[in-house]
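# Give me a model of this one.
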Amino acid sequence: MNLIKNRILITAGEPASISSEITVKAIKKLKKISNSELIIITDPDLIKNELKNLNLPGRLNILKNSLNFKDFKEDYINIFPIKLREKTFPGILNKKNSNFVMNAIKTSVNLLLQKKANAMVTNPINKFIMKSKRFKFNGHTEYLGHLSKFRKKPLMMLESEKLRVVPLTTHIPVSSVSKILNTKMIIDKINILNKELTEIYKIKNPKIHISGLNPHSGDGGKIGKEELRIIYPAIRKLEEIGVNVKGPIPGDTLFQKNKIKEYDVAVCMYHDQALIPIKTLYSGNIINTTLGLDFIRTSPDHGTALDIAGKKKADPSSLILAIKKAEDLIQKKNGK
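Residues are numbered from 1 along each chain as shown. You can find the predicted model right below:
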């Protein structure tokens, strides 16, 4: 099924967070410049309440026909409805609504796998409250991999205009990183990264720089052996199969201004090694893109911001960038 217009699904996210606020603000700003059909997967009451809270005009269109969404209306806020379990209050988490959060994600993925939409943009979730309802995943990315058609192991990539970073391990304790890293895992994930950058991002022979794990990349084995045992062998194998890689490069030099210009993406060994530099340099202008799935998924770079929920202070900039990025990736994927 080829969609006439790009159709992008926006998930509800945590209902007690800033998700509904940034969604309303983003759609209002994008209405005049976006050519996509933007559909929110959420409880309509959340959007009604947010419009009232923000004192903004807006007409809701509740979609009933998911077969082709022919009831989509321009100049409306279009919602594919799912119901909250219990009433929510800004900034106050309620574990009984965790199923609502998961349902929004599952509904979006199902529609994507059925070719009813082109991409999904996910609002922030609170995985800790969700784990109280048997959510067994370390994060959003891992859950999407579970829901994808072939139970894939996706990659998280954060990108700004001038920098892309990929953490090879994500939401695990730092003490576990060296236990989980292995040569095959590094090779497999960088192969996925190289394939996606080449085929979807249309980057020819992407330059991939890889960090070390230890200070000074182990200093020849004097400060840790992981570089010698795990990372160097992975890099040699990747070079043998034609991937344009370089490393391991010490984490304290990988993100110097002159170094950033030398590569298309920096691959790091753990979460904070990748995210601290990009969030320090480009906070508010970052998109989280998931690579290696059966569908396009982007998201803002921030969390639920419960401390400012309901206070009209939330900035939708990162969500707007995520929607625009989804549009860009759809065009590139379609060869346009």
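# Going by C-alpha atoms from here, please, whenever you check contacts or count neighbours.
Fine.
# ok, Ile172 touching Phe137?
No: Ile172 is beyond contact range of Phe137, at 10.8 Å (criterion: CA atoms under 8 Å).
# These two - which one has more neighbours?
For Ile172 versus Phe137, the count of surrounding residues by other CA atoms under 10 Å is larger for Phe137: 16 against 13.
# That one touches Leu144, doesn't it?
No: Phe137 lies out of contact with Leu144 (CA under 8 Å); the separation is 9.6 Å.
# intersection of neighbour lists for those two?
Overlap of the contact sets of Phe137 and Leu144 (by CA atoms under 8 Å, 6 or more residues apart in numbering) is empty.
# where in the stretch 51-200 of the chain is pLDDT low?
Residue ranges of the stretch 51-200 of the chain with pLDDT under 70: 66-67.
# hey, where'd the helices end up in it?
98-113, 127-131, 140-147, 174-180, 183-199 (DSSP state H, counting those that start in this stretch).
# partner residues bridging the closest residue to Phe295 other than its chain neighbours?
Distances taken as CA to CA, 6 or more residues apart in numbering place Ala119 nearest to Phe295, at 6.4 Å, with adjacent residues excluded. Note on Ala119: beta-bridge partners by DSSP bridges are Ile8, Ile296.
# Ala119 against Arg7, yeah?
Yes: the pair Ala119 / Arg7 is scored as a contact, 6.9 Å apart, by CA under 8 Å.
# and those two? which has more neighbours close in?
Ala119 (25 against 22).
# for the more buried one, what are its contacts?
Arg7, Ile8, Leu9, Leu112, Phe295, Ile296, Arg297, Ala326, Ile330.
# what about stretch 76-86, distance to the chain center?
Distance of stretch 76-86 from the chain centroid (CA atoms, centre = their mean, to the nearest Å) equals 22 Å.
# Kindly report the same for stretch 210-225.
Worked out by CA atoms, centre = their mean, stretch 210-225 lies 29 Å from the chain centre.
# Please list the outside residues in contact with it.
By CA under 8 Å, 6+ apart, stretch 210-225 touches 226-228, 231, 245-252, 254, 266-269.
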